[in-house]
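> Take this sequence and fold it.
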Amino acid sequence: MKKYISCLVLASAALVFSGCGKQTVSQEPEVTTGFALDTSITITIYGGEKGLGEQCIALCEDYEKLFSRTLEGSDIYQINHAAGAPVEVSDDTISLLKTALSYSELSDGAFDCTIAPVSALWDFKNNTGTVPEAEALQEAVSLVDYRTVSIDGNSVTLENPQAALDLGGIAKGYIADRLKEFLLEEGISGATINLGGNVLAIGEKPSKAMWKIAIQKPFAEHGEVIEAVSISEGSVVTSGVYERYFTVDGQIYHHLLDPETGYPVQNELLSVTIVSENSVDGDALSTICFVLGYEKGAELIQSLNEPGLEAIFVFEDESIQKVSASGQAE
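As a prediction, the model looks like this:
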């Protein structure tokens, strides 16, 4: 799915243009591709020792063994299958879960890390077009409540034994940030971490040019761009209806689910992209803003005191609206 072509890195929801221009051989990046976290991964590194990309892929696999909802033995799997008993988990799982809970509270449940009973009914990865029964969705929705998650040290308890965690809406952002820390410790001069729809730019290119990250045009051929942003460093994360979906009788059913109804969110949006310093924030906020819709999502972004934070809303008519944390909608 991802190929390094000249100076272009293609991603399922974003493209990273890695600075075409005259470069010496020593300035060429090391590009590593792999598959983990249920997505294709591309790590592009300038400077540093050879093999760092492979180590990043291995780290992704390690984190997947902690955060996966479906991988037997993972921290999240054990919590979900503990029937309400406390479970001791890793420091990373606690850190990610606390961040997920903070965004669940910030969004008043528009992002809810206990949505697993609902998401499990849809199973967009393997679903060939089956819409869950309304009664099953109603029962699943009744189990969704982030306030039932209790943390004591490294111990996690689901106060409702039938509840279950799903951190898929935030885990890739957290992992991207951890990979950034690893690469900086290894002394790289610049890099891009591409985890599907999550792109994180680090340091600078030998050309000193800005990182240019382009947003996939919804439902278009892979690689077709609808908008681009230029950043010196930072994260660009996109959540869109075209990423995982199926169609039944002309109706699109996508993976961005409403925690209140259990059905895919129906509004005028096709995607939301968040530009932020940290990828974990962009991951959560892209989902939150999509679920809230443009008006409430824009209000939330403008209320946050985070320099450089920006949301890019793409509507069904392919019009675009940009909203920053420090200013008005553009």
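> Which parts of the stretch 101-250 of the chain are strands?
149-152, 155-158, 190-195, 198-203, 211-216, 225-231, 234-240, 245-248 (DSSP state E, counting those that start in this stretch).
> centre of the chain versus stretch 177-186, how much separation?
How far stretch 177-186 lies from its chain's middle: 18 Å, per C-alpha atoms, centre = their mean, to the nearest Å.
> mind starting the numbering at 28 from now?
New numbering, starting at 28: the last item is stretch 204-213.
> Could I get the average pLDDT for it?
Averaged over stretch 204-213, pLDDT sits at 98.
> Contacts for that stretch, please.
Outside stretch 204-213, the residues that touch it by C-beta atoms under 8 Å, 6 or more residues apart in numbering are 70, 72, 75-76, 79, 82-83, 86-87, 90, 119, 218, 220, 227, 229-230, 305-307. The C-beta positions use only the backbone N, C-alpha and C, and glycine is treated the same way.
> Figure out which of the strands of the stretch 128-277 of the chain is closest to residue 158.
Smallest distance to residue 158 across the strands of the stretch 128-277 of the chain (C-beta to C-beta): 6.0 Å, for strand 272-275.
> Next, the buried residues of the closest one.
272, 273 (16 or more other C-beta atoms under 10 Å).
> Neighbouring strands of it in the sheet, and parallel or not?
Each strand paired with strand 272-275, and its direction, by DSSP bridges: strand 278-281 (antiparallel).
> What's the first helix or strand after the partner strand?
strand 296-303 (DSSP states H and E).
> Name the strands paired with that following strand and say parallel or antiparallel.
Here, using DSSP bridges, strand 296-303 pairs with strand 261-267 (antiparallel), strand 337-342 (antiparallel).
> and the angle for it with strand 225-230?
For strand 296-303 against strand 225-230, the angle by axes from the mean of the first three to the mean of the last three C-alpha atoms, to 10 degrees is 20 degrees.
> now the spatially most central residue of the chain: how far from residue 317?
Centroid check for the chain by C-alpha atoms, centre = their mean gives residue 310 as the closest residue, at 3.9 Å. Distance, residue 310 to residue 317, by C-beta to C-beta, to the nearest Å: 12 Å.
> With residue 344 instead?
From residue 344 to residue 317 the distance is 17 Å (C-beta to C-beta).
> So for the two, which sits in the more crowded spot?
A count of neighbours by other C-beta atoms under 10 Å puts residue 317 above the other of residue 344 and residue 317, at 27 against 8.
> what helix or strand does the more buried one sit in?
Residue 317 belongs to helix 306-319, assigned by DSSP H and E.
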